[in-house]
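# any chance you could fold what I've pasted below:
(one chain, ligands or ions: 1)
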Amino acid sequence: MIESPVIAATYSGGWGPRSGDEAARTPVRFAVAGDAGRRIAATWERATDGMTGPGSSTSTSKPQPRGYAYKKRFYRDAGVAELYDEERFSGPWKARRNRSKWARIETALDRLGPDVRRVLDLPCGTGRFTPALANRGLDVVGCDISLEMMRRARETGGAGGVFVQCDAERLPFADDALDCVVSIRFMFHVDPATRVTILREFGRTARFQIVDYRHRYSYRYMKWSVLRKMGFTRRPLERVSRDGLGREFQEAGLRVLGVFPVARFFSDKWIVVSERL
Ligand SMILES: C[S@@+](CC[C@H](N)C(=O)[O-])C[C@H]1O[C@@H](n2cnc3c(N)ncnc32)[C@H](O)[C@@H]1O
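I've put the predicted structure just below:
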């Protein structure tokens, strides 16, 4: 078996924390006593994914919502990389979610057709979709800012891809070096201004893009809106509207070709297909 290389790209810089990105969160206290209080606390905890306050998440592979700069560092921890797959994608429900996501990516690739041969899987993480892309006969390069995540991708990926460590904000590839960038489970970590920078980089390096976005038209967003109006949560839940999505892509010099929901109502994920303008 040929061992695929993990290449550390020459670019480094700008990976440090940004001011304001890691503002401390104010813990929320529950003033309602007894069962009612516990019910409210439980609802709040579920709605906020156990981010702060009582019963905070103990998951070691799940980042806290402290902004993009924190998340950029979070996944570079070996312990996080080791537990990532087990905590995110194991079990029948999560495996099903994986299949739905892959089905939509395939729909998007089918839509783009044979023009797509060279694909950048960014961020590839632990290689969730890298082997599946390669098994479709595509030439795949896996990229991530975390060497630890990519090490797992190489160990478990099997498909013999090439992995390059780099920052999505400044890709170490020439203009048009690729046909398509596939970017899954990433943009929701990123603030809107940086998303535009990253989309521009995607458009510079590849004509087509398949990008996973989180939108507002879901049960989760509705529940969060109600809880926020009632004062049970103050945390932001950033989700794009359809118009906002179009504006964001346009600002990055891209045209949205199609938007595919991963599942109806209970999922807040879109697979967005776009092309350089
Ligand atoms: C939630 S994981 C998603 C990985 C994979 N696409 C998946 O679906 O499992 C997010 C990944 O983004 C990577 N990441 C964060 N900021 C990055 C950046 N600026 N450039 C490249 N990768 C980045 C992290 O290292 C992490 O592996």
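# need the three-state assignment for the closest residue to A153 other than its chain neighbours.
Among residues not flanking A153 along the chain, G127 sits closest, at 3.0 Å (Cβ to Cβ, 6 or more residues apart in numbering). C-betas here are computed from N, CA, C, even on glycine. The local conformation at G127, judged by DSSP: H, G, I helix; E, B strand; the rest coil, is coil.
# would you agree G127 is in contact with S146?
No. Contact criterion Cβ atoms under 8 Å: G127 and S146 do not qualify, at 11.9 Å.
# neighbour count for these two, which is higher?
Each of G127 and S146 has its neighbours counted (other Cβ atoms under 10 Å); G127 has more, 28 against 24.
# quick check: pLDDT value at that one.
If you check G127, the pLDDT there is 92.
# quick one, what contacts it?
Residues near G127 by Cβ atoms under 8 Å, 6 or more residues apart in numbering: 142, 150, 152-154, 156-157, 161.
# if we go to 10 Å?
For G127, the contacting residues are 85, 121, 133-134, 140, 142, 144, 149-159, 161, 163, by Cβ atoms under 10 Å, 6 or more residues apart in numbering.
# same check on M149?
Per Cβ under 10 Å, 6+ apart, neighbours of M149: 75-78, 80-82, 84, 123-127, 142, 163, 165.
# pLDDT of the one helix or strand F202 maps to, averaged?
Using DSSP states H and E, F202 sits in helix 192-205. Helix 192-205 shows a mean pLDDT of 97.
# show me what it is packed against.
Helix 192-205 is packed against helix 68-74, strand 118-121, strand 178-183, strand 206-214, helix 242-251, strand 254-261, strand 269-276, with contacts defined by 3 or more Cβ pairs under 10 Å, 6 or more residues apart in numbering; DSSP states H and E.
# with distance to the ligand added, can I get the ones you listed in JSON lines?
Below are those laid out as JSON lines (distance: least, Cβ to the nearest ligand atom, whole Å):
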{"stretch": "helix 68-74", "distance to the ligand": "4"}
{"stretch": "strand 118-121", "distance to the ligand": "7"}
{"stretch": "strand 178-183", "distance to the ligand": "7"}
{"stretch": "strand 206-214", "distance to the ligand": "8"}
{"stretch": "helix 242-251", "distance to the ligand": "17"}
{"stretch": "strand 254-261", "distance to the ligand": "16"}
{"stretch": "strand 269-276", "distance to the ligand": "11"}
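# rank these by pLDDT, which is bottom?
helix 68-74 (a mean of 89).
# and the chain, which residues reach the ligand?
Residues of the chain that fall close to the ligand, judged by Cβ under 6 Å from any ligand atom: 71-72, 75, 123, 125, 128, 144-146, 149, 167-169, 184-186.
# give me that answer again for 8 Å
15, 68, 71-72, 74-76, 81, 84, 88-89, 101, 121-126, 128-129, 143-146, 149, 166-169, 183-186, 189-190, 198, 212 (Cβ under 8 Å from any ligand atom).
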